[in-house]
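**Student:** sequence first, predicted model second:
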Amino acid sequence: MPKLLGRVAPFALVLSLAALLPALLSAWVLLGAAPRRPFAVAFQSPMPGEPLFGDVEVAVAVRPGGARLERVEVYVDGVRAAVITKPPWRVVVDVGDANVAHRLQLVATAAGGAVATAELTSGTIAVQEQIDVELRPLFVRVERGGAPVAALRREDFAVYDDGARQQIVTFERGEVPFTAVVLLDASSSMAGGRLTMASDGVLAFARAMQRLDEAKLLLFSDRVLVETPFTNAPSFLTLALPTVAAGGGTAINDALALGLARLEPRRGRKVALLLSDGVDVESVLSMRDVLEQARRSGVMLYWLRLGEDTGPGRGYRVHTPWRDVEAHELEQRLLRQAIEDSGGRVLDVGRVEGIGAALGAVLQELREQYVIGYYPSRLSGSGEWHEVKVEVAGAAARVRTPRGYTEP
């Protein structure tokens, strides 16, 4: 019997080792001894040191070509800009327009969880002085005998910025979308059904907007009563009007300042439409403050002046705790100056029933404008005022455009 045991023991030991082999292999893999198929990623484009601006195509090379990836993450200056999940491993990212170096990184994850990375740094364009010059848009109305002058060409216009003639870079007709703020006076002077009639005019204006136009309604008295978001939906723009009763004083300066602030971050053509008799008795801000804000904003101002007694300098013999008669007259002159400086105008509407027609006239005027763009050839510094003049070749024509702008 002992001899039999001695012969069986080696065989049992072999069986025990065979049973342990899968566990040993698993431990080997967990300890990192089992080899994984290596892979790497690299930038095919852009190239290191290449200056990058705006939209940039990132193309990723994967080696070996058959490597199975789950995703490739693209980072620009430490912020994830895109995730690619399938070949071809390409994507377009926006790096901005500043002339600065950018750090681009790739983080690729394989199906088995392995990770590979790559990195490059872009270059910059060497310049003696870095100056940020933005395209300056001009919205120009040309009239002859009170009628719009159509079919003018780029070469018919000459633009002067602080006396220096500018090169016209872009030129279009007025079918350019706009963003508008409609400032509707709901003070006590609009009682007796006048506010309802004015609301009908605003609704007609909203219905006549084109698909890419947007507007916001600011209904105000001595405070803001209703403010809608910017919208293209006419019903949404005027939804709250039936619930508002006219009453209280008028704070035109404060409301206009708020409307300009709402338009400030918007791009493209910006318009503020003031519907009021124009007698401000409640504002904390002065019109001189608003005038400077309007010059910085690039907003075209239109005043649809309500009231039977219309015309400059008439109907404003007002004295309030805030201002005496002379101060109120100064406020009116500065309001008109802000409107004329912006390239807009005052429309004496008279009776409130005329608001719809007046708003329609403004809308038609916007459609008939020429849109001119140029890069100012001379910069004076932030906060400096630039005088702008536009001339049209040929027979005498009346040109209405912003008189200038404040350098940002």
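**Tutor:** That came through fine. Numbers count the residues shown, from 1 in each chain.
**Student:** give me the residue ranges of the stretch 1-150 of the chain where confidence is low.
**Tutor:** In the predicted model of the stretch 1-150 of the chain, residues 1-37, 126-133 satisfy pLDDT under 70.
**Student:** ranges for the strands of it?
**Tutor:** 40-45, 55-63, 69-76, 79-84, 90-94, 103-110, 115-121, 136-144, 147-148 (DSSP state E, counting those that start in this stretch).
**Student:** now the ones you listed as TSV including distance to residue 270 and mean neighbour count?
**Tutor:** Backbone N, C-alpha and C define where each C-beta goes, glycine included. Formatted as TSV, those follow (distance: least, CB to CB, whole Å; neighbours: other CB atoms under 10 Å):
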stretch	distance to residue 270	mean neighbour count
strand 40-45	38	16
strand 55-63	26	16
strand 69-76	31	18
strand 79-84	30	13
strand 90-94	24	14
strand 103-110	36	18
strand 115-121	39	14
strand 136-144	10	19
strand 147-148	21	13
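**Student:** give the contact list for residue 135.
**Tutor:** Listed by CB atoms under 8 Å, 6 or more residues apart in numbering, the contact set of residue 135 reads 169, 170, 373, 374, 375.
**Student:** buried subset of the residues you listed as a ChimeraX selection?
**Tutor:** Only the buried entries of the contacts of residue 135 go into this ChimeraX selection, using 16 or more other CB atoms under 10 Å:
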select :374
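**Student:** nearest to residue 199, of the strands of the stretch 1-150 of the chain?
**Tutor:** strand 136-144 (27.6 Å; CB to CB).
**Student:** could you name the helices and strands sitting against that closest one?
**Tutor:** The contact analysis (3 or more CB pairs under 8 Å, 6 or more residues apart in numbering; DSSP states H and E) places strand 136-144 against strand 157-161, strand 370-374, strand 385-392, strand 398-400.
**Student:** possible to save the ones you listed as JSON lines with distance to residue 351?
**Tutor:** Converted to JSON lines, the helices and strands packed on strand 136-144 look like this (distance: least, CB to CB, whole Å):
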{"stretch": "strand 157-161", "distance to residue 351": "38"}
{"stretch": "strand 370-374", "distance to residue 351": "33"}
{"stretch": "strand 385-392", "distance to residue 351": "35"}
{"stretch": "strand 398-400", "distance to residue 351": "26"}
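**Student:** determine which of those strands approaches residue 68 most closely.
**Tutor:** strand 370-374 (49.9 Å).
**Student:** which neighbouring elements make contact with the closest one?
**Tutor:** If you count contacts as 3+ CB pairs under 8 Å, 6+ apart, strand 370-374 packs onto strand 136-144, strand 157-161, strand 168-173.
**Student:** compute the inter-axis angle for that strand and strand 385-392.
**Tutor:** 130 degrees (axes from the mean of the first three to the mean of the last three CA atoms, to 10 degrees).
**Student:** check which strands are paired with strand 370-374 and give the direction for each one.
**Tutor:** strand 136-144 (antiparallel), strand 168-173 (antiparallel) (DSSP bridges).
**Student:** still on that earlier bit, could you dump the helices and strands packed on strand 370-374 to JSON lines with distance to residue 345?
**Tutor:** What follows is these, written out as JSON lines (distance: least, CB to CB, whole Å):
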{"stretch": "strand 136-144", "distance to residue 345": "9"}
{"stretch": "strand 157-161", "distance to residue 345": "20"}
{"stretch": "strand 168-173", "distance to residue 345": "20"}
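**Student:** tell me which of those lies nearest to residue 212.
**Tutor:** Ranking those by proximity to residue 212 (CB to CB) places strand 168-173 first, at 13.7 Å.
**Student:** residue boundaries of the strands in the stretch 151-300 of the chain?
**Tutor:** Using DSSP E, counting those that start in this stretch, strands in the stretch 151-300 of the chain cover 157-161, 164-166, 168-173, 178-185, 214-220, 224-227, 269-276, 300-306.
**Student:** other residues contacting the last one?
**Tutor:** It refers to strand 300-306. Contacts of strand 300-306 (CB under 8 Å, 6+ apart): 139, 185, 189, 256, 269-278, 294, 335-336, 338-339, 342-352, 355, 358-359, 362, 402.
**Student:** select only the buried ones of the residues you listed in PyMOL?
**Tutor:** Burial among the contacts of strand 300-306 is assessed by 16+ other CB under 10 Å; the matching PyMOL selection reads:
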select buried, resi 139+185+189+256+269+270+271+272+273+274+275+276+277+278+294+335+336+338+339+342+343+344+345+346+347+349+352+355+358+359+362+402
